[in-house]
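J.: take a look and give me a structure for this.
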Amino acid sequence: MANPILQVRDLRTQFATEGGIVKAVDGVSFELYPGESLGIVGESGSGKSMTALSLLRLVPEPGRVVGGQVLFRDQDLLQLTSEEIREIRGRDIAMIFQDPQSSLNPVLRTGFQVDEAMLAHGKPKNQARARTLELLKKVRIPAAESRYKDFPHQLSGGMRQRAMIAMGLANAPAILIADEPTTALDVTVQAQILELLADLNRELGTAIIMITHNMGVVAGLCTRVLVMYAGEIVEQGPVEQIFANPQHPYTWSLLKSMPRVDALRHERLRSIEGMAPDLLRPPSGCRFHPRCPFRIDKCFTNEPQLEEVGPGQRAACWVTMDRARKEMGADELKDIRPGAGSNVHPGEDR
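T.: Residues are numbered from 1 along each chain as shown. Sure, this is the predicted structure:
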């Protein structure tokens, strides 16, 4: 396997508030390989977007990255000066956001804003314009010449998102971070954007980090997935393997709450009961234990670490789903409500 293009080690991001310290990202570590498509998934407040912002040192005040390393081509981005990190942003690592309407300047023409991403890194104006037109066509914006001159409000939501993707690709970055890029779009346009990102990933070899709460998006685009809960990674591994055999109860709960056409006749769609914890005062032990239907006494006091549970698959859990299936049986497991938080597991540690 090629060497990783990005190595994140024990990343920690905190917010100082009147009530205390919020540990928004708490010890996150992962690797990204050239040309890979990696999904980071979790509920709102799980820390996935804050992880992405931390990589590029874009954490809003009063937050700050307080520890860890972000090694891009063996260079620690957290140790660079403000000017040095600005050179990396947009040129080597680009980011596209959930709502292009709030990211695009309403008083500047769309084409110029894509040009500007290149002009800021020294590309001549005539070359920037030619590259912008090429990119607008590549991201499937029809009549690229005329759309170049349009203002953002003259574009549909899908075209604005495509323009944002073109802006992100302007300098041919090695890594593209996409933070919920399809959430504000209708289902048909979502599918088109995901197909576009997959095509660009294959054609250009750009490594993609997809931030999303939607497991279906991960299934359609990514080859590997990190599952985050309460600022921590609770499971990671190949997408197909985790979808077929999730080991952390939170991952299992997320998949149980996802609509599946082949299961609608046989299984009721279930939501995850309970709320994500307050990161000012996170639970002791495993942070998911207040919502976990398989918790044992050990979960209340001892925090699990990521351990190998399958080839390339790791989970931070004292009670993996394999153990739950073995001890409870498939029929009994089918009746458990995701995130029910009832202490129903028969193999309790006393």
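J.: tell me how many other residues crowd Val107.
T.: Val107 sits with 7 neighbouring residues when counted by other CB atoms under 10 Å. No exception for glycine: its C-beta is placed from N, CA and C like everyone else's.
J.: would you check how far apart it and Ile96 are?
T.: From Val107 over to Ile96 the distance is 21 Å, taken as CB to CB, to the nearest Å.
J.: show me how far the top helix by length along the chain is from its chain's centre.
T.: When the chain is parsed with DSSP state H, its longest helix is helix 187-204. On the basis of CA atoms, centre = their mean, to the nearest Å, helix 187-204 sits 16 Å off its chain's mean C-alpha point.
J.: give me the contacts around it.
T.: With CB atoms under 8 Å, 6 or more residues apart in numbering as the test, helix 187-204 has contacts from 35, 37, 138-140, 157-158, 161-162, 165, 169, 172, 176, 178, 181-182, 185, 206-208, 210, 217, 220-221.
J.: kindly recompute the last result at 6 Å.
T.: Residues outside helix 187-204 that contact it (CB atoms under 6 Å, 6 or more residues apart in numbering) are 37, 158, 161, 182, 208, 220-221.
J.: and it, which residues are buried?
T.: For helix 187-204, the neighbour count (16 or more other CB atoms under 10 Å) marks 189-190, 192-194, 196-197, 200-201 as buried.
J.: what does stretch 9-24 give?
T.: 11-15, 22-24.
J.: just to revisit the earlier point, biggest separation within the buried residues of helix 187-204, which pair?
T.: With CB to CB as the measure, no two of the buried residues of helix 187-204 lie farther apart than Val189 and Asn201, at 18.6 Å.
J.: ramachandran angles for Lys256?
T.: phi -70, psi -30 (degrees, to the nearest 10).
J.: would you turn the buried residues of helix 187-204 into TSV with distance to Val66 and pLDDT?
T.: Shown next, in TSV, are these (distance: CB to CB, whole Å; pLDDT from 0 to 100):
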residue	distance to Val66	pLDDT
Val189	39	79
Gln190	36	80
Gln192	40	82
Ile193	34	81
Leu194	34	84
Leu196	37	83
Leu197	32	86
Leu200	34	82
Asn201	33	85
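J.: now stretch 6-19, how far from the chain's geometric center?
T.: On the basis of CA atoms, centre = their mean, stretch 6-19 is displaced by 16 Å from the centre of the chain it belongs to.
J.: quick one: the helices in this structure?
T.: With helices called from DSSP H, the chain shows them at 48-55, 82-88, 100-103, 110-119, 125-138, 144-148, 157-169, 187-204, 215-221, 239-244, 249-256, 297-301, 321-328, 330-334.
J.: just the C-alpha atoms of the longest one, please, in PDB.
T.: The one in question is helix 187-204. C-alpha atoms of helix 187-204 as PDB (Å, rounded to 0.1, in the frame of the first residue of the first chain):
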ATOM      1  CA  VAL A 187     -32.600  13.700  -3.600                       C
ATOM      2  CA  THR A 188     -32.100  13.700  -7.400                       C
ATOM      3  CA  VAL A 189     -29.500  16.500  -7.300                       C
ATOM      4  CA  GLN A 190     -27.800  14.700  -4.300                       C
ATOM      5  CA  ALA A 191     -27.300  11.600  -6.400                       C
ATOM      6  CA  GLN A 192     -25.900  13.700  -9.300                       C
ATOM      7  CA  ILE A 193     -23.400  15.500  -6.900                       C
ATOM      8  CA  LEU A 194     -22.300  12.100  -5.400                       C
ATOM      9  CA  GLU A 195     -21.800  10.600  -8.900                       C
ATOM     10  CA  LEU A 196     -19.800  13.700  -9.900                       C
ATOM     11  CA  LEU A 197     -17.500  13.400  -6.800                       C
ATOM     12  CA  ALA A 198     -17.000   9.700  -7.500                       C
ATOM     13  CA  ASP A 199     -16.100  10.400 -11.100                       C
ATOM     14  CA  LEU A 200     -13.600  13.200 -10.100                       C
ATOM     15  CA  ASN A 201     -12.100  10.900  -7.500                       C
ATOM     16  CA  ARG A 202     -11.500   8.200 -10.200                       C
ATOM     17  CA  GLU A 203     -10.400  10.600 -13.000                       C
ATOM     18  CA  LEU A 204      -8.200  13.000 -11.100                       C
END
